[in-house]
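Asker: Need the 3D shape of this:
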Amino acid sequence: SLHDALPILVTNSCARKVSNYVQLQISDAPFIKTALTDKKICSGSGATMMIEAQGVGLSYSWTKNGIPIIGANSNIIMISSAQVSDAGTYEVTVIGVCGGKTVKSTGKLEVLESPQITAQPLPSERNVCLGGRESITIGVSTNVGVSYQWRKNGTAIAGATGATLTINGITTSDIAEYDVVITGDCGGQTISSKVKFIQSTPPNITTGLKDVVICEGGVISLNVSGSNIQRYEWRKDGLLLNGETRSSINISGANSRDGGTYSVTGIGDCNPPATSSSRVTITQSARLSIGLSDKVGCSGDNISFNVTAIGTGLTYVWKHNGVVINGANSNTLNIPQATGTDGGEYECIISNGCGENIVTKGTLLMNSIPIISSHPLGGTYCEGDGLVLGVKASGSGLKYQWRKNGVSINGAIGNTISIIAVTIMDVGDYDVFITGDCGNGGTTSNIAKVTVNKVSLTGVSNLELKTMGGDTTTGELRLKNTGISDVNI
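Answerer: From the prediction side, this is the model:
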């Protein structure tokens, strides 16, 4: 500021003099009256960054984003046609003449351009899952001064005003076409290409796994078919089989360790995944442990044939004299109340589809109870006569026991009994008790009554014994009786 004029007094030891009057000016430190302000302009428009400062002998220094602007040394910067490259943070430093005092002001310049789409939302067709989540994003050349409005089938979606549209919990009503309208603050509007939602269905296995029985050393071949499936995961007994991602699985040279529960999961775009499982049984060739043995039976007996074999999935076929027995399909064949027609050859064929069939055979011999076809016949005999009693019977394993008056005769165990010379002691009732391999109580013949007449010498006189031919060891006993012819003994 200016002050009144004052003289200057100059003195020394010799004199004192006063100068002419001079005017004194005192300068204040610089200060900013109007600071820089932030500005937002459209590309191609003019831009002015200006400061109003007060002070004496002021000078100015400008920077943009911290970098000095050459030639900018006034209180104003003017840009005739601003470009995006002109945007930034501008700062001006004001310098006064007193003591190097400085003040600064900062302002931000934003240069807006019309938005241009740099990345359309892709893909243009999307398979979406009900209940799923889907996001669509648009790419533009600038995010400054840009507004967005997403549309579904041409109708604005309330609240969808960002660069990305996200739909959670997709329903059938969300299956539509989507686009976005982009508007810039500097004018201009552009619309993106459309994205079409196509409803996808969860994966489905149409032909699933089935339980299989595989012979040891064979090939396990499992396969499925389905729809909407992108890849498969196979498991055995719950453990993931690494690398198995196709619709089929094959294992050669199967052994007992390969048996178990196999499952496959079909995975697609949508949940839930599809699954199928099966049981794989590894079977060894059938082996015979105990085969058929020959049997003997009687009519009316309950007879059983049994076999024991080792293996899984065994099947049995029984034959009698080469003819298949219907309904006989276990390891035991029961013959209730057997008759003679049940005798013959029996055969059991064992198989489980692995290796050769096993055949074992046995014979059933059917015995009959004793049957007498000819009974012993008695008669009247004279003392000294020979006696033969006989019986004829059929049956198996027959045994005989002759009896006299109901008492067994020692040693008389054949189908005949003979007495060389009967005596009066041989008189009685004879029969035979016959037993066999079959029959509980045996059978008894009819009674054969034997009568023996005794020779009487009553009234015999003049008994004479003479030898013949002088032989003393043999001779003739001649009994004489008057009026009776000779009796030779």
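Asker: Surely P376 and A393 touch.
Answerer: No: using CB atoms under 8 Å, P376 is not in contact with A393; the gap is 11.0 Å. Yep, even glycine has a C-beta here, placed from its N, CA and C like the rest.
Asker: more crowded one of those two?
Answerer: P376 (22 against 18; other CB atoms under 10 Å).
Asker: residue contacts, the more buried one?
Answerer: Residues counted as contacts of P376 (CB atoms under 8 Å, 6 or more residues apart in numbering) are L389, G390, V391, Y430, D431, V432, S445, N446, A448.
Asker: among those, who's most crowded?
Answerer: V432 (27 neighbours).
Asker: Which elements pack onto the strand or helix carrying it?
Answerer: V432 belongs to strand 428-435 when assigned by DSSP states H and E. For strand 428-435, the elements it packs on are strand 399-404, strand 443-444, strand 448-453, judged by 3 or more CB pairs under 8 Å, 6 or more residues apart in numbering; DSSP states H and E.
Asker: and the angle for that strand with strand 399-404?
Answerer: Counting by axes from the mean of the first three to the mean of the last three CA atoms, to 10 degrees, strand 428-435 lies at 160 degrees to strand 399-404.
Asker: Show me what strand 428-435 is in contact with.
Answerer: 370, 372, 376, 378, 389, 391, 393, 395, 398-406, 415, 417, 442-450.
Asker: list the contacts for the residue nearest to P123 when sequence neighbours are not counted?
Answerer: Excluding its sequence neighbours, the residue lying closest to P123 (CB to CB, 6 or more residues apart in numbering) is V195, at 7.6 Å. Contact analysis of V195 by CB under 8 Å, 6+ apart lists P121, L122, P123, S124, E125, R126, I136, E177, Y178, D179.
Asker: my guess is K236 meets Y262, correct?
Answerer: Yes: counting by CB under 8 Å, K236 touches Y262, with 5.5 Å between them.
Asker: neighbour-wise, which of those two wins?
Answerer: Taking other CB under 10 Å, K236 and Y262 do not tie; Y262 has more neighbours (24 against 18).
Asker: How about D28: what's its closest non-neighbour residue?
Answerer: Nearest to D28 is G55, by CB to CB, 6+ apart, at 6.3 Å.
Asker: wait, isn't that neighbour in contact with N75?
Answerer: No: with contacts counted by CB under 8 Å, G55 stays clear of N75, the gap being 11.1 Å.
Asker: what sits in contact with each of those two?
Answerer: Listed as contacting both G55 and N75 by CB under 8 Å, 6+ apart are V94.
Asker: Please give me every residue in contact with the residue nearest to S81 when sequence neighbours are not counted.
Answerer: Nearest residue to S81 in three dimensions, chain neighbours excluded: G44, at 5.3 Å (CB to CB, 6+ apart). Contact partners of G44, counting by CB under 8 Å, 6+ apart, are S81, A82, Q83.
Asker: For those, which single residue is the most surrounded?
Answerer: Most neighbours among the contacts of G44, by other CB under 10 Å: A82, with 21 neighbours.
Asker: Surely that residue and K39 touch.
Answerer: No: contact between A82 and K39 fails when scored by CB under 8 Å: they sit 9.4 Å apart.
Asker: shared neighbours of the two, which are they?
Answerer: A47, L109.
Asker: per-residue confidence at S114?
Answerer: If you check S114, the pLDDT there is 84.
Asker: Next up, phi/psi of it, please.
Answerer: Phi and psi for S114, reported as degrees, to the nearest 10, are phi -70, psi 130.
Asker: ditto for D174
Answerer: phi -90, psi 0.
Asker: who's in contact with it?
Answerer: Counted by CB under 8 Å, 6+ apart, D174 has contacts V128, K152, I167, F197.
Asker: Against S193, how distant is it?
Answerer: To S193, D174 is 19 Å away according to CB to CB, to the nearest Å.
Asker: For the protein, give me the ranges with low pLDDT.
Answerer: Where the chain drops to pLDDT under 70, the residues are 1-13, 15, 18-27, 99-100, 455-489.
Asker: go with 80
Answerer: Low-confidence segments of the chain, defined by pLDDT under 80, are located at 1-28, 97-101, 187-188, 312-313, 353, 355-356, 439-441, 455-489.
Asker: Just confirm S227 contacts P203, I think it does.
Answerer: Yes: with contacts counted by CB under 8 Å, S227 reaches P203, the gap being 7.2 Å.
Asker: the more surrounded of those two?
Answerer: Neighbours per residue (other CB under 10 Å) separate S227 from P203, with P203 holding more: 23 against 13.
Asker: count of residues packed around the closest residue to that one other than its chain neighbours?
Answerer: Leaving aside its sequence neighbours, P203 sits nearest to G268 (CB to CB, 6+ apart; 3.6 Å). G268 has 21 neighbouring residues, counting by other CB under 10 Å.
Asker: G268 and I358: what is the separation?
Answerer: For G268 relative to I358 (CB to CB), the value is 49 Å.
Asker: do A87 as well
Answerer: From A87 to I358 the distance is 95 Å (CB to CB).
Asker: what does S227 give?
Answerer: Counting by CB to CB - S227 and I358 are separated by 46 Å.
Asker: quick revisit: the residue nearest to P203 against N228, yeah?
Answerer: Yes: look at G268 against N228 with CB under 8 Å: they come within range, at 4.4 Å.
Asker: For the two, list the residues in contact with both.
Answerer: Common neighbours of G268 and N228 (CB under 8 Å, 6+ apart) are S200, P202, P203.
Asker: closest to G300 among the contacts of D174?
Answerer: Closest approach to G300 among the contacts of D174 (CB to CB): V128, at 80.8 Å.
Asker: before we move on, the earlier item: mind putting the contacts of G44 into JSON lines with distance to Y346?
Answerer: As requested, those are exported to JSON lines (distance: CB to CB, whole Å):
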{"residue": "S81", "distance to Y346": "115"}
{"residue": "A82", "distance to Y346": "112"}
{"residue": "Q83", "distance to Y346": "109"}
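Asker: among these, which are in strands?
Answerer: Counting by DSSP state E, no part of the contacts of G44 is found in strands.
Asker: Filter the shared contacts of G268 and N228 down to just the ones in helices.
Answerer: Judged by DSSP state H, helices contain none of the shared contacts of G268 and N228.
Asker: Would you mind checking which of those residues is nearest to K64?
Answerer: S200 (53.3 Å).
Asker: Which strand residues bridge Q149?
Answerer: Note on Q149: beta-bridge partners V181, judged by DSSP bridges.
Asker: what about it, distance to A158?
Answerer: Note on Q149: its distance to A158, by CB to CB, is 10 Å.
Asker: Repeat that for G311.
Answerer: G311 is 73 Å from A158, by CB to CB.
Asker: neighbour-wise, which of the two wins?
Answerer: G311 (19 against 8).
Asker: excluding its backbone neighbours, what's nearest the more buried one?
Answerer: A286 (3.9 Å).
Asker: And that neighbour, how close does it get to I335?
Answerer: Remark: distance between A286 and I335 (CB to CB) = 24 Å.
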